[in-house]
Every structure is written in structure tokens, then in C-alpha cells.
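Undergrad: predicted model follows, preceded by the sequence.
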Amino acid sequence: MKDISTNREPAELRQILDYLGVAAFVIDVVSADEFRLAAINARHEQLSGMKHSEVAGRSVDELLSPEMAAAIKIRYRRCVESKAATDYQETLDLPIGKTYWQTTLVPFFGESGEVTRLLGTAVEISDQMRLKLETRYQSTVMSAYLDESTDGILVVDANNQIKTWNRRFLEIWNIPVDIMQAGDGDAALQAVLKQVHAPDRFVQRIRKLYTLLKEDEQGVCIKMKDGRVLERNSQGLHGAAGDYWGRIWFYRDVTDLQRMTEHLQHMSQTDPLTGIPNRWTLSEALEKEYRRAQRHGHHLSVLMLDLDHFKQINDRHGHGTGDAVLREFVQIVMPEIRTSDCFARMGGEEFVILLPETSLSSARQLAERLCRAVAAYTFNSADNGFTATVSIGVATLRRNDDNPEHLLSRADQCLYTAKSEGRNRAHPSGDSED
């Protein structure tokens with residue numbers, strides 16, 4: 001999928017969103033109180049009754065009632081301020097009537113690190129939709145509909161004998177037609193088990209559902225040996241008197257959607273320039289390691305790194321070279337740290353290394369190695385090579401620290417001291433913090 005973080009025309013944004021396969025929309029963040037709907041996709045139009053051509057470029061205040069607009073802007077601001085994915089449920093009065101949604105917002109960042117856009121994906125969960133789904137699962141499926149469905153559908157009776165299936169089911173599972181025509185549910189299950197990644201868990205769940213006659217199943221992900229991902233839904237079929245008729249199964253190939261979701265998640269957790277974790281991923285890791293260190297009495301240290309005179313590098317060699325310096329700086333640091341360490345870009349030329357189970361002395365030694373490694377490296381530019389240095393603040397967890405921010409704050413103070421003492425050094429230089 002194309003990147004949606006850059007400025008694009010509404011029509012092009014619409015085309016990008018249509019790849020998602022779910023109701024999706026893009027919000028332009030104009031200010032803390034102004035949000036504009038940049039685009040919606042076809043699925044959104046279908047579920048909401050809104051038209052992309054009529055709403056694109058209009059503010060939330062124009063499209064919704066004052067009460068709804070105020071509530072929605074609170075959630076948008078929360079996502080912008082946290083700079084992290086946000087989930088919530090909401091009720092909206094739309095052209096098709098009152099609807100209920102489960103919505104996820106993912107922030108996209110500008111070059112200076114501010115949130116410029118929000119990508120929203122929504123699932124309609126209204127009573128009307130639930131009733132429609134229940135009707136779909138409980139109705140007898142006609143042959144014509146089966147062949148037109150994008151889902152692979154299988155219906156078995158109360159004795160686990162195959163009653164009907166559609167062409168898409170065979171395409172997904174590649175089960176020999178003679179097995180299906182024989183109606184042997186157990187034989188079909190054995191053919192399926194050769195294809196799934198975790199066959200024991202798969203068959204255990206299938207057998208259990210055949211005993212739990214009234215239990216439904218929705219949105220179960222199945223990993224295949226060939227790399228595909230399937231989504232399974234299932235529901236028992238009952239007569240008017242409540243007698244059990246059998247079970248209907250729905251399988252859908254969601255491989256592309258899964259990969260897209262993973263890509264969006266990766267984008268929300270990673271610095272796009274350097275490829276390392278961003279500050280929000282670091283915050284989560286710091287909170288986790290802080291709790292672990294407090295619980296077990298382990299060491300926990302932090303390095304705060306800042307490339308010296310980075311503005312001069314940009315001014316003298318250009319921002320393209322400056323970006324290259326940041327990427328090469330990351331490559332200098334990576335071989336020096338452990339896989340258990342968290343190396344993240346805070347923004348600009350400032351970085352942080354989180355060092356679990358590391359004392360102040362060991363952290364300081366690492367900082368000094370990094371200072372020497374950076375100073376010895378020759379960076380390239382269009383005219384000639386040049387060198388750069390880094391200043392590093394070192395801090396370790398103290399018993400009286402009430403939260404992990406105290407640790408970051410001391411590292412930042414030590415970084416400031418390192419720069420004021422002449423740069424190209426780590427502070428403190430001894431085995432105790434000043």
C-alpha cells in the first residue's frame with residue numbers, strides 16, 4: 001500500500017484507502033481544534049451513507065452535529081497528543097441513521113515529528129449489522145449464493161456429514177473433490193490438517209465446537225504452512241424448536257489484510273528515517289523494564305545521545321547529508337549494543353539507549369566506546385569526507401525513583417553537562433552520578 005502520510009489529492013487518497021478492505025478514513029490535523037476529513041473509502045461509503053465527493057476536505061464541525069463533533073475531536077486530540085494508536089467505540093448519527101462503530105486511529109508524522117494525519121479504520125457493530133450477520137449464518141445458503149461468495153463456506157449436519165460447500169472453500173483448502181462428494185467430514189478434516197501450521201490446536205477446537213452446539217465462533221485466525229492467514233467464523237444451525245441441525249463454517253483469506261495491519265503497526269512503532277524504534281516504542285519498553293527492575297532489584301541504565309553541532313552539518317552539507325549521517329550513526333551504534341537493549345530515536349539528532357540489567361559503570365564504558373567509534377568514523381558528503389562527534393548522558397535507576405521519567409531526566413541533565421564541558425564525551429566520567 002502507498003504511504004498516506006504525504007500530501008495527496010482526495011481522489012488519490014480514496015484509491016489508497018480502498019486497498020484496506022475495511023471502512024477507512026483519513027483525517028488531516030490542521031490544529032488542536034480543527035480536523036478535516038481528507039478521504040473515505042468505498043467500504044466506508046457503503047456502511048455510513050456518506051459520499052467521498054461530498055465530504056472530502058470538509059471539517060468535522062461541518063459534517064456532524066456540535067455534540068458529536070466535540071466528542072470526536074476529543075478522541076482525535078487524544079491520539080495526536082499520545083502519538084500512539086487509539087481504539088474506541090462510538091455512536092454516530094449518519095445519513096443511514098444511528099450506527100455503532102469500533103474505531104482504531106493510527107497517527108502519521110511529519111518531518112519534524114508532529115502528527116499531521118490520522119488513519120482510521122472502523123468496524124460497524126450496530127444491532128442492525130448483528131441481526132444481518134445472524135440471519136446470514138442461520139439461513140439455508142442457496143447454491144448460487146455459495147458460488148458467488150468470497151468466503152469459503154462449508155455446511156455439515158448433526159452427524160458431521162458434509163451437506164454442501166462452495167467453490168471458494170475448495171480453492172482455499174485444496175481438498176480433493178471426491179472426499180467432499182463422499183460427505184465424510186473426518187476425511188476432509190484430515191486433508192485440512194496437512195495444511196495448517198498448528199494442526200493439533202486446530203483439530204482440538206473443531207472437535208470442541210462439535211460438542212458445544214450453541215457456541216458461535218468469530219474472527220479466529222488460522223496460520224497456514226504456505227504463509228497464508230485465514231479467518232474462520234462458525235455457528236450452529238438450529239430448527240424452530242431448538243433442535244440441532246448441524247454447523248456452518250466460513251473461511252476467508254485475510255493474508256493481505258494481515259500484512260497491511262502488521263505494516264501499519266510497524267509504521268506506528270518505527271522511526272521512518274533510521275528504521276529503529278521511535279520514542280513511543282521506547283516509552284513502552286522503558287515502562288516495562290522499569291517495573292521489572294523494581295520488582296527484581298535489577299540494574300537499569302539509560303544513555304541519552306546527541307550528535308554535536310548537527311545543525312552545522314545540515315547547513316554546510318545539506319539536509320540530505322544530515323539524514324545520511326543519522327542513518328550511518330545508527331549503523332555505528334548497533335554493533336556495540338545487545339539485542340536486549342532498546343535503541344530509539346527521540347527526534348532530530350537525539351537518541352536513547354535503554355540498557356536492562358546494566359550498572360552505571362558498564363553503561364559509562366559503553367558510552368565511552370560509542371564516543372570513540374563515532375569520532376573515528378568518516379562521513380561522506382558531495383564535496384569531501386568529514387567527521388562528527390557525539391555527547392552522551394549516562395544515568396542509572398535509583399531506589400527512590402518514583403517513575404521511569406526520573407531516570408530519563410537525569411540522563412538528559414548529564415547530556416547537557418557533557419555538552420557544556422566541551423562535547424565529544426560521556427558524563428558522568430566516574431562511577432557515580434553527579
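TA: Great, that's in hand.

Undergrad: how close does the residue sitting furthest away from the middle of the chain get to Arg247?
TA: For the chain, the residue at maximal distance from the C-alpha centroid (C-alpha atoms, centre = their mean) is Ala241, at 45.5 Å. Distance of Ala241 to Arg247, computed by C-beta to C-beta, to the nearest Å: 18 Å. In this view, the C-beta of every residue, glycine as well, is placed from N, C-alpha and C.

Undergrad: where does the stretch 201-350 of the chain have low pLDDT?
TA: Counting by pLDDT under 70, the stretch 201-350 of the chain contains low-confidence residues at 261-262, 266.

Undergrad: just give the nearest non-adjacent residue to the residue nearest the centre of the chain, would you?
TA: Closest residue to the average C-alpha location of the chain: Gln265 at 1.8 Å, with C-alpha atoms, centre = their mean. Of all residues not flanking Gln265 in the chain, Ala85 sits nearest, at 7.5 Å (C-beta to C-beta, 6 or more residues apart in numbering).

Undergrad: the one you found and Asp323, how far apart?
TA: For Ala85, the distance to Asp323 equals 26 Å [C-beta to C-beta].

Undergrad: of those two, who's got more company?
TA: Taking neighbours as other C-beta atoms under 10 Å, Ala85 and Asp323 compare with Ala85 leading, 17 against 14.

Undergrad: per-domain residue ranges of this protein.
TA: 10-125, 130-257, 270-427 (automatic domain parsing).

Undergrad: how about the residue nearest to Gln265, what does it touch?
TA: By C-beta atoms under 8 Å, 6 or more residues apart in numbering, the contact list for Ala85 reads 79, 104-107, 265, 268.

Undergrad: from those residues, which land in helices?
TA: Using DSSP state H to define helices, the subset of the contacts of Ala85 located there is 79, 265, 268.

Undergrad: distance of the last one from Lys83?
TA: According to C-beta to C-beta, Ser268 and Lys83 sit 9 Å apart.

Undergrad: mind jotting down where the strands sit in the stretch 251-400 of the chain?
TA: 300-307, 342-347, 350-356, 390-396 (DSSP state E, counting those that start in this stretch).

Undergrad: between those strands, which one is nearest to Ala367?
TA: strand 390-396 (4.2 Å; C-beta to C-beta).

Undergrad: list the buried residues of the very next helix or strand once past the closest one.
TA: Counting by DSSP states H and E, the element after strand 390-396 in chain order, helix or strand, is helix 404-420. Residues 404, 407-408, 410-415, 418-419 are the ones in helix 404-420 that count as buried (16 or more other C-beta atoms under 10 Å).

Undergrad: any idea how far helix 404-420 is from the middle of the chain?
TA: The chain centroid and the centroid of helix 404-420 are separated by 31 Å under C-alpha atoms, centre = their mean, to the nearest Å.

Undergrad: leaving out sequence neighbours, find the closest residue to Ile206.
TA: Once flanking residues are discounted, Ile206 sits nearest to Leu189: 6.4 Å by C-beta to C-beta, 6+ apart.

Undergrad: kindly report the same for Tyr244.
TA: Leu213 (4.7 Å).

Undergrad: surely the one you found and Gly236 touch.
TA: Yes. The pair Leu213 and Gly236 passes the contact test of C-beta atoms under 8 Å, sitting 5.0 Å apart.
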